[in-house]
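Chemist: generate a structure from the sequence data that follows.
(chains A and B)
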Amino acid sequence: MRVRFAPSPTGALHIGGARTALYNWLAARHDGGELILRIEDTDRERSTPENVEQILDAMRWLELDWDEGPISQAERSDSHQAALARLLESGAAYHDTATAKDVEAWKAEHGAGSGYRGTASEDPRAAVRLRVPDEGETVVEDRIHGPVGFPNRSHDDFVIARGDGTVLYNFAVAVDDAEMGITDVVRGDDHLSNTPKQLLVLEALGHEAPRYAHLPLLHGPDGRKLSKRHGAASVQELRDAGYLPAAVRNYLALLGWGADDDATLMSTEELVRRFRVEDVGRAAAIFDEKKLRWINGRYMREMPADEYAAAVARHLGRDLDQRLRAACEIVQEKAQTMEEVWPLIRFLFESPVFDEKAWRKTMKDDAPRLLEAARGALSGCDGFDAEAVEAALSPLPERLGVGAGKVYQPIRVAITGSTVSPGIFESVAALGRDETLARIDAALARLAV
RNA sequence: GCCGCUAUCGUCUAGGGGACUAGGACGCCGGAUUCUCAGUCCGGAAACCGGGGUUCGAAUCCCCGUAGCGGUACCA
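Modeler: Numbering: from 1, shown residues only, chains lettered A, B, ... in the order given. Have a look, this model is predicted:
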């Protein structure tokens, strides 16, 4: 099996494109086949090196490797020209000077259901059209949709090369897929209507057609086509939002495809083993970040501690020192994304910034008494790991005759500035005795004012 | 307009004529775990687009609507 992922470099790789890449990759790896990366850059305007690099970047981040390429479609123009010449010579294609307006006029005369048919011109600088039969239909044997028939009569003799001789997408794709020995084309549904044209080109050239599978499109939460308005719509945005590549692969795999036993969390190895193109659904799916978050959280919690710490360090752009390791230990159970990590551990690296609302809520009249008691217990505490801290603090509520929250929340606010943090014992232990006492003192001073 | 595709809880889906009082997951709501938040555990609400057929029987098959989407470029 030889499959290909063939994006056009028009900017960042979108989630829909990422899923197409993933499905091709899964199909290839499942089958022991090859994945070819081809860049559809025949539109010179939009195809910049930066845009190409963005796609490669996204692929690498997703950890989807390819076996051949990236191959520039534009650089295959010699092959395209040769194929074009053959069609011109055999009469399967012809030069035509007709403009869009001419085509429109022709249709007005012949009926909207009839495709345009032109007449051959001697002008070598006219666009080239492919002759489409008037009778019969072209059938796409799609692995997901089943057979889909298109009446030939409804297709125009479509343009395959511009007046300047450069070829157009539907022609280039057909030639490339055939010449590169692609056995399976797996791409978005938006290409289903293009497929009969490519089939017509293939037939005119005498090439065998690959198998086709058209994936349902991905939509945004409003049911419309996915775009920037929908938040994290590109792979780099997903990365910046703190998602893990493995979690993204898992989630994307589930968008349009499901294991027969409804399994949700699947390792990449499991996805490779179970994925089958013919099991992909037919309806468009909506990208739901909530579920991605949940899956991501599961992956974050299940990561080995070392790997987790390394990933956090990388995301934060910080050195992985002892302090960061300690921070990771107390936060791993809590964060759903990498982005959520920093706010929870920040207090270990910087002085607390007091959230005034939190302060007012917790620092009530008896706060000085409670903080003094906590301070005393902690300063006299034997050792300072989480167990020791718990042993020192846990008798306090009963001794002071108040609820546990009454004692712990002021401490939390004093050391973190916020009412939200990792567990209080772990947080205090990670901060260390000196700093904890200093922060409690600072809070006490602030209260005295 | 023309040519296609699609249609099960809010979302992702299971289902492929009787096993369906339509299952699972996310989300949501409620409860528990009372150091916050998160997590975890338990429970709950929540769907077969509409109308015709076919059949003893339809979420499952067919037709017609409707809606959404795609193509209809000398874009990809």
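
Chemist: do a quick rundown of the helices in the stretch 151-300 of chain A.
Modeler: Along the stretch 151-300 of chain A, the stretches classed as helices by DSSP state H, counting those that start in this stretch are A:169-179, A:195-205, A:235-240, A:245-254, A:268-274, A:289-302.

Chemist: the closest residue to RNA strand B within chain A: neighbour count?
Modeler: Per C-beta to the nearest atom of the strand, A:Ser8 is where chain A lies closest to RNA strand B, at 2.5 Å. Where C-beta positions appear, they are placed from N, C-alpha and C, glycine not excepted. A count of nearby residues for A:Ser8, using other C-beta atoms under 10 Å, gives 17.

Chemist: pull the contacting residues for the nearest residue to it once chain neighbours are set aside.
Modeler: Nearest residue to A:Ser8, sequence neighbours excluded (C-beta to C-beta, 6 or more residues apart in numbering): A:Glu40, at 4.2 Å. Counting by C-beta atoms under 8 Å, 6 or more residues apart in numbering, A:Glu40 makes contact with A:6-9, A:73, A:169, A:172-173.

Chemist: now A:Glu40: how far from A:Trp61?
Modeler: Using C-beta to C-beta, to the nearest Å, A:Glu40 is found at 21 Å from A:Trp61.

Chemist: which residues are contacting the helix or strand where A:Arg446 lies?
Modeler: If you go by DSSP states H and E, A:Arg446 is part of helix A:433-448. By C-beta under 8 Å, 6+ apart, the surrounding residues in contact with helix A:433-448 are A:352, A:354, A:363, A:367-368, A:371-372, A:374-375, A:378-379, A:381, A:384, A:410-411, A:413-415, A:428, A:431.

Chemist: tell me the mean pLDDT for it?
Modeler: Averaging pLDDT along helix A:433-448 gives 91.

Chemist: so how far is that helix from its chain's centroid?
Modeler: What separates the centre of helix A:433-448 from the centre of its chain is 45 Å, taken as C-alpha atoms, centre = their mean, to the nearest Å.

Chemist: again with stretch A:14-30
Modeler: Mean-position distance between stretch A:14-30 and its chain equals 10 Å (C-alpha atoms, centre = their mean).

Chemist: does that stretch come close to RNA strand B?
Modeler: No - Stretch A:14-30 lies out of reach of RNA strand B by C-beta under 7 Å from any atom of the strand, never closer than 10.0 Å.

Chemist: in that stretch, what counts as buried?
Modeler: Within stretch A:14-30, the residues that qualify as buried are A:14-30, counting by 16 or more other C-beta atoms under 10 Å.

Chemist: CA atoms only for it, dumped as CSV, please.
Modeler: Provided in CSV are the C-alpha atoms of stretch A:14-30 (Å, rounded to 0.1, in the frame of the first residue of the first chain):
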residue,chain,number,x,y,z
HIS,A,14,-5.6,22.9,10.1
ILE,A,15,-7.2,20.3,12.3
GLY,A,16,-9.0,18.8,9.3
GLY,A,17,-5.8,18.5,7.4
ALA,A,18,-4.1,17.0,10.5
ARG,A,19,-6.8,14.4,10.7
THR,A,20,-6.3,13.5,7.0
ALA,A,21,-2.6,13.2,7.6
LEU,A,22,-3.2,11.0,10.6
TYR,A,23,-5.6,8.7,8.8
ASN,A,24,-3.2,8.3,6.0
TRP,A,25,-0.4,7.6,8.4
LEU,A,26,-2.5,5.1,10.3
ALA,A,27,-3.5,3.3,7.1
ALA,A,28,0.1,3.1,6.0
ARG,A,29,1.4,1.9,9.4
HIS,A,30,-1.4,-0.5,9.8
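
Chemist: what secondary structure does A:Ser114 sit in?
Modeler: coil (DSSP: H, G, I helix; E, B strand; the rest coil).

Chemist: hang on, isn't it packed against A:Asn152?
Modeler: No - A:Ser114 is not in contact with A:Asn152 according to C-beta atoms under 8 Å; the separation is 10.8 Å.

Chemist: quick one: low-confidence parts of the stretch 151-300 of chain A?
Modeler: Counting by pLDDT under 70, the stretch 151-300 of chain A shows low-confidence ranges at A:226-232.

Chemist: rerun at 90
Modeler: Low-confidence segments of the stretch 151-300 of chain A (pLDDT under 90): A:219-233, A:258-263, A:288.

Chemist: which element is A:Ala21 on?
Modeler: Per DSSP H and E: helix A:15-31 holds A:Ala21.

Chemist: hmm, what's the outermost residue in chain A?
Modeler: Centroid-distance maximum for chain A: A:Arg399 at 53.7 Å, with C-alpha atoms, centre = their mean.

Chemist: that residue sits in which helix or strand?
Modeler: Assigned by DSSP H and E, A:Arg399 falls in helix A:396-400.

Chemist: what does A:Gly149 give?
Modeler: Under the criterion of DSSP H and E, A:Gly149 resides in strand A:146-151.

Chemist: cool, A:Asp102 as well?
Modeler: helix A:100-110.

Chemist: past that helix, which element shows up next along the chain?
Modeler: With DSSP H and E, the next secondary element past helix A:100-110 is strand A:127-130.

Chemist: what's that next one packed up against?
Modeler: Contact here means 3 or more C-beta pairs under 8 Å, 6 or more residues apart in numbering; DSSP states H and E; on that basis strand A:127-130 packs against helix A:77-90, strand A:93-96, strand A:159-161, helix A:195-205.

Chemist: list the helices and strands the helix or strand following it packs on?
Modeler: Remark: after strand A:127-130, the chain's next helix or strand is strand A:137-142, criterion DSSP H and E. When contacts are defined as 3+ C-beta pairs under 8 Å, 6+ apart, strand A:137-142 packs onto strand A:146-151, helix A:195-205, strand A:211-215.

Chemist: looking at those, which is closest to A:Ala92?
Modeler: helix A:195-205 (4.1 Å; C-beta to C-beta).

Chemist: give me every residue that touches A:Pro133.
Modeler: Counting by C-beta under 8 Å, 6+ apart, A:Pro133 touches A:Asn152.

Chemist: same thing with the one 4 residues further on?
Modeler: Contacts were defined as C-beta under 8 Å, 6+ apart; by that measure A:Glu137 touches A:149-152.

Chemist: before we move on, the earlier item: what would the helices and strands packed on strand A:137-142 look like in TSV with mean neighbour count and distance to RNA strand B?
Modeler: Output for these, formatted as TSV (neighbours: other C-beta atoms under 10 Å; distance: least, C-beta to the nearest atom of the strand, whole Å):
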stretch	mean neighbour count	distance to RNA strand B
strand A:146-151	13	4
helix A:195-205	22	8
strand A:211-215	22	7
